[in-house]
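1. Please find the sequence and the predicted model below.
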Amino acid sequence: MSSPKQKLFTGYQIFIIAILAFLQFSVILDFMVISPLGVILMKTLSISPSKFSLAVSAYAFSAGASGLLAAGFADKFDRKKLLMFFYGGFLLGTTLCAIAPTFEFLLVARVVTGIFGGVIGSIGFAIITDLFAMQVRGRVMGFVQMSFSASQVLGIPIGLMLANSYGWHSCFWMIAGLGLAAGIIMLIYMKPVDEHLKYKIDRHPLHHLVATVSKPQYLFGFATMSLAAVGGFMLMPFGSAFGIHNIGLTMEQLPTLYLVTGIFSVVAGPLAGKFSDKIGKFKMFTIGTIASMIILVIYTNMGITPFWLACVVSIVLFVALTARMIPASTIMTAIPAPEDRGSFMSINSAVMQISGGVASVIAGLIVVSAPDGKIEHYDLLGYVVIGLMVVMTVMMYYIDRMIAQKAEEVPWPTSEQQPINNEGPVPDLAPDVI
């Protein structure tokens, strides 16, 4: 008689995946909703594309700065407490966005939101690295980062409908309300995440920060992931304006476009994570990158296009981007030693946010809004992003080789030696890489 199949995750681990996914959902939605609101904000607040890109980059720069400041403390406290603190600040910033009467007030509100929201993702990744083994981490990252797509399926269409009916402020009220409910659940049911404290880091927070950024292998990882942020911050802020004025979509069609695209991306997220664990994370990343480069050439050169075809191109683009970002993020979790995970993830998030902020400003200078509203030079941004994808692929190859070399030196335990579904934190089956 065969024994029952062992469950991959415990009930509590499923809860952790779900709560981290929702927190990511709310934070990503808060950032992503700015893109489809771009047309409304530029008209309502009478601002230019360069000013709008400043509102986007303000979040990124403040998130990057807070990530660097938080890095020294990230491994000195229970990760749950850190998560609660920064998520509370994020909800405060979102509420300020909801009551913003002017562009200047909104700019300040975005800074506050970025200071707190920019650190949440890095804390979540550190928790994932603490609690889940490397050979299942692709699946976990696939589900957690599925929140990126879910924000399109649920959040952005609903946000646009609210904006069209009740004004753009209502989008931020929706995010703040849902976030408050999630925060209460997390406060009640989430257990402390403090296994990393047993390493007893006695260094001053500043010394811990310096020690983390002084490791060449860590710096190489930061540089690699910074390139991943550039593409999104360059293209996405002007996506709605490009869709309406260049592709010929209407404001009523935008929610449907995001909805259809998001549905396919939601399915693609877990699949990308699963295949990353099966065929290899770098191989999956390469497949997603090649597909992304091909479809970017098509997308950024589109003119007036039938709605159905615009949906197809958008679906393929976002699925391809999902297929490259999930394995890339998973590979990064294998780099830091346990005592450096929080600091590494915070700095990595900070570098990505700052790089994205710079990219957004540069994009605002390159892109020009013609008198009829048409977005010009969007194709140039596409070619720049493709070039950066090529560079990132080469860098990711060397990181993957270093990880493989270290794994050969220190063999991974088998599943019989280390069960996956124990009730406590699951030790990382990958060695302390690099």
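-> Arrived safely. Numbers count the residues shown, from 1 in each chain.

2. Could you check the one helix or strand residue 165 maps to and say which residues are buried?
-> Per DSSP states H and E, residue 165 falls inside helix 156-166. Neighbour-count burial for helix 156-166, counted by 16 or more other CB atoms under 10 Å, picks out 156, 157, 158, 159, 160, 162, 163. Every residue, glycine included, has its C-beta placed from N, CA and C.

3. How about stretch 10-17?
-> Under the neighbour-count criterion of 16+ other CB under 10 Å, stretch 10-17 has 13, 15, 16, 17 buried.

4. Kindly report the same for stretch 263-282.
-> Those would be 264-266, 268-277, 281-282, for stretch 263-282 by 16+ other CB under 10 Å.

5. List the residues that contact residue 54.
-> 107, 361, 364 (CB atoms under 8 Å, 6 or more residues apart in numbering).

6. Send over stretch 305-324 as CSV, restricted to the C-alpha atoms.
-> Output of stretch 305-324 as CSV, limited to C-alpha atoms (Å, rounded to 0.1, in the frame of the first residue of the first chain):
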residue,chain,number,x,y,z
THR,A,305,-4.5,49.1,-33.5
PRO,A,306,-7.7,47.1,-33.2
PHE,A,307,-8.6,46.5,-29.6
TRP,A,308,-8.3,42.7,-29.8
LEU,A,309,-4.8,42.9,-31.2
ALA,A,310,-3.7,45.4,-28.6
CYS,A,311,-5.0,42.9,-26.0
VAL,A,312,-3.0,40.0,-27.5
VAL,A,313,0.3,42.0,-27.7
SER,A,314,-0.2,43.2,-24.1
ILE,A,315,-0.9,39.7,-22.8
VAL,A,316,2.2,38.3,-24.5
LEU,A,317,4.3,41.1,-23.2
PHE,A,318,3.3,40.8,-19.5
VAL,A,319,3.5,37.0,-19.6
ALA,A,320,7.0,37.2,-21.0
LEU,A,321,8.0,39.8,-18.4
THR,A,322,6.6,37.6,-15.6
ALA,A,323,8.5,34.6,-16.9
ARG,A,324,11.8,36.5,-16.5
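
7. Identify all contacting residues around that stretch.
-> Taking CB under 8 Å, 6+ apart as the criterion, the residues outside stretch 305-324 that touch it are 145, 148-149, 152, 243, 247-249, 253, 256-257, 260-262, 264-265, 268-269, 272, 284-285, 287-289, 291-292, 295-296, 298-299, 302.

8. run the last query once more with 6 Å
-> 247, 253, 257, 260-261, 264-265, 268-269, 272, 285, 288-289, 291-292, 295, 299 (CB atoms under 6 Å, 6 or more residues apart in numbering).

9. Tally up the residues packed near the residue nearest to residue 44 when sequence neighbours are not counted, please.
-> In this structure, residue 44 finds its nearest non-sequential neighbour in residue 168, 6.8 Å apart by CB to CB, 6 or more residues apart in numbering. The number of residues packed near residue 168 is 23, by other CB atoms under 10 Å.

10. Pull up the gap between residue 168 and residue 124, please.
-> Going from residue 168 to residue 124 by CB to CB, to the nearest Å gives 28 Å.

11. and of the buried residues of stretch 10-17, the nearest to residue 85?
-> For residue 85, the closest of the buried residues of stretch 10-17 turns out to be residue 16, at 18.2 Å, with distances computed as CB to CB.

12. Which of the helices or strands spans the closest one?
-> helix 11-32.

13. can you give me how far that helix is from the chain middle?
-> When distances are taken as CA atoms, centre = their mean, to the nearest Å, helix 11-32 is centred 11 Å away from the chain's centroid.

14. what helices or strands is the following helix or strand past that helix leaning on?
-> Scanning forward in sequence from helix 11-32, with DSSP H and E defining helices and strands, the next element found is helix 38-44. For helix 38-44, the packing partners by 3 or more CB pairs under 6 Å, 6 or more residues apart in numbering; DSSP states H and E come out as helix 239-242.

15. Show me what the helix it packs on is packed against.
-> Using 3+ CB pairs under 6 Å, 6+ apart as the contact criterion, the neighbours of helix 239-242 among helices and strands are helix 38-44.

16. After the helix it packs on, which helix or strand is next?
-> Following the chain from helix 38-44 toward its C-terminal end, the next helix or strand by DSSP H and E is helix 49-71.

17. orientation of that next one relative to helix 11-32 in degrees?
-> With axes from the mean of the first three to the mean of the last three CA atoms, to 10 degrees as the basis, helix 49-71 and helix 11-32 are set at 150 degrees to each other.

18. I am finished for the moment; much appreciated.
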